[in-house]
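[1] Build me a structure from this.
(one chain, ligands or ions: 1)
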Amino acid sequence: MKKLAHALAATALAIAVAPAAMANDCDPGERVTKFSHVTGGTTHPKVVAANSFAARVNKELNGVMCVEVYPNSTLFGDSKELEALLLGDVQFLAPSLSKFGSYTKKLGVFDLPFIFKDMDAGMRFTQSKTGKSLLNSMEDVGFVGLGYWAAGMKYFSANKPLLTPADAKGLKFRVQTSDVAKAMIAAMGASPQPMAFAEVYGALQTKVVDGQENTWANIYTKKFFEVQDGTTETNHQMLAYLFMTSKEFLDSLKPDVRAKLMRIANDVTIEANNSVKAAEALNRSNIVKAGGTIRTLNAAQRKAWVDAMMPVWKQFEKEIGPDIVKAAANS
Ligand code: LMR
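    Numbering: from 1, shown residues only. Below is the predicted model of the structure:
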């Protein structure tokens, strides 16, 4: 236990001192590739993983290929990045699994409320036969999944205390572009407002929306907690990313370069998933240190959230695929 605590503390420290944005390091003659994502800060698991991937490629494929990282929606935001990947304007992305609704319904399984007991269950599902098959469920579109990056469990924040779903009645919540997430908010008696990640802070601040749902990393690094009454530890979903590239880009690489790239992608994925819990613990404690309010639920309150949201499963089971839902629920 002590050893584990030390390892977690060391990882947390490494994350805490990671540079804000990695210096892009392309030399003349190298094939320049771009990694675009929407998150920021220094303690965010996606920032750390994207920078680590770029650093490894820049070193191990030096002279052949380099990766430039564009965080904080500075190159492409949510609405454009998938299209940009297909157009060859960017080569690497790691969007949330909730953002693929116009390409596949199957990934909606990750948005079913309370389908995963905790992050370990969610990660087990990603490693299962069904989970692995979903990684490349959009091959026909031209997307190649390089790995799942777990980001953390999700929690609701709002401009008033939320202890039961009844507290959320009538409020407006920002959601990602997911039909399942929209239905979940409606099941709480609230209104869903799909919106790009880059717009969430402003929308909370100006009260265009009353609340949102996210991981500790996003709530901390985007300062959502500063413009909300508090965050409730609902643990209602796991947020995970699809670390991805395009088939066209992969097919354009020489076999030895592709093999090296795939090995690095795999190593970085393992490293990212091994450190995500420590990163989330650090982001949570940073919110508390900065004066943010976090509320926990007792068993009866938690049950009220589960009861309110469970009908959403039935609504989407058929379009996601009953076998996929079953495999996720049993993981
Ligand atoms: C969100 O839009 O809330 C998240 O998917 C952002 C992210 O990439 O973590």
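[2] Pull out the buried residues from the longest helix along the chain.
    In the chain, with assignment by DSSP state H, the single longest helix is helix 255-289. Within helix 255-289, the residues that count as buried by 16 or more other CB atoms under 10 Å are 260-262, 264-265, 268-269, 271-273, 275-284, 286-287. Using the backbone N, CA and C atoms, a C-beta is placed for each residue, glycine as well.
[3] That one near the ligand at all?
    No - against the ligand, helix 255-289 shows no contacts by CB under 6 Å from any ligand atom, the least distance being 11.7 Å.
[4] What ranges does the stretch 1-150 of the chain have for its strands?
    31-36, 65-70, 92-93, 143-153 (DSSP state E, counting those that start in this stretch).
[5] Out of those strands, flag the one nearest the ligand.
    Across those, the ligand has its closest neighbour in strand 143-153 (5.7 Å, CB to the nearest ligand atom).
[6] Identify the residues contacting whatever helix or strand comes next after the closest one?
    The C-terminal neighbour of strand 143-153 among helices and strands, as given by DSSP states H and E, is strand 155-158. Strand 155-158 is contacted by residues 162, 167-168, 171, 173, 210-216, 219, 224-225, 228-236 when judged by CB atoms under 8 Å, 6 or more residues apart in numbering.
[7] Could you pick out the buried ones from those?
    162, 167-168, 171, 173, 210-216, 219, 224-225, 228-232, 234-236.
[8] near the ligand, which residues of the protein?
    Residues of the chain lying near the ligand (CB under 6 Å from any ligand atom): V38, T39, S96, A151, Q176, F197, N214, N218.
[9] So M184 lies in a helix, does it not?
    Yes - assessed by DSSP: H, G, I helix; E, B strand; the rest coil, M184 belongs to a helix.
[10] you'd agree it is up against D111?
    Yes - look at M184 against D111 with CB atoms under 8 Å: they come within range, at 7.2 Å.
[11] same question for the helix or strand that the longest helix of the chain is followed by, mean pLDDT?
    Using DSSP H and E, the helix or strand that follows helix 255-289 towards the C-terminus is strand 294-295. Taken as a whole, strand 294-295 has an average pLDDT of 98.
[12] sorry, back to before: show me what the longest helix of the chain is packed against.
    helix 2-16, helix 45-60, helix 119-127, strand 143-153, helix 216-221, strand 238-246, strand 294-295 (3 or more CB pairs under 8 Å, 6 or more residues apart in numbering; DSSP states H and E).
[13] Highest mean neighbour count out of the ones you listed?
    Per residue and on average, the most neighbours among these fall to helix 216-221, with a mean of 26 (mean count of other CB atoms under 10 Å).
[14] After it, which helix or strand is next? Please name it.
    According to DSSP H and E, the helix or strand after helix 216-221 is strand 230-232.
[15] Output the contacting helices and strands for that following strand.
    Looks like strand 230-232 contacts strand 155-158, strand 294-295 (3+ CB pairs under 8 Å, 6+ apart).
[16] Please work out which residues outside it touch it.
    So strand 230-232 is contacted by 155-158, 161-163, 219, 225, 287, 292-297 (CB under 8 Å, 6+ apart).
[17] May I have the strands that pair with it, each with its orientation?
    strand 155-158 (antiparallel), strand 294-295 (parallel) (DSSP bridges).
[18] got the phi/psi numbers for the residue in the stretch 101-250 of the chain that the ligand sits nearest to?
    Of all residues in the stretch 101-250 of the chain, F197 sits closest to the ligand, at 3.5 Å by CB to the nearest ligand atom. With angles defined as degrees, to the nearest 10, F197 sits at phi -60, psi -40.
[19] got the contact list for it?
    Counted by CB under 8 Å, 6+ apart, F197 has contacts V38, T39, S73, G77, D78, Q176, N218, K222.
[20] rewinding a little: between the strands of the stretch 1-150 of the chain, which one is nearest to T126?
    Evaluated over these, closeness to T126 peaks at strand 143-153, with 4.1 Å, by CB to CB.
[21] strands paired with the closest one, and their directions?
    strand 238-246 (antiparallel).
[22] send the alpha carbons of the strand it pairs with over as PDB?
    This file holds the C-alpha atoms of strand 238-246, laid out as PDB (Å, rounded to 0.1, in the frame of the first residue of the first chain):
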ATOM      1  CA  MET A 238     -16.400   7.500 -17.400                       C
ATOM      2  CA  LEU A 239     -14.900  10.000 -19.900                       C
ATOM      3  CA  ALA A 240     -12.500   8.300 -22.200                       C
ATOM      4  CA  TYR A 241     -10.800   9.400 -25.400                       C
ATOM      5  CA  LEU A 242     -10.200   7.700 -28.700                       C
ATOM      6  CA  PHE A 243      -6.500   8.300 -29.600                       C
ATOM      7  CA  MET A 244      -6.800   8.100 -33.300                       C
ATOM      8  CA  THR A 245      -5.400   8.800 -36.700                       C
ATOM      9  CA  SER A 246      -6.600   8.400 -40.300                       C
END
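[23] Next, the buried residues of the helix or strand that it is followed by.
    As assigned by DSSP H and E, the chain's next helix or strand after strand 238-246 is helix 247-251. Going by neighbour count (16+ other CB under 10 Å), the buried part of helix 247-251 is K247, F249, L250.
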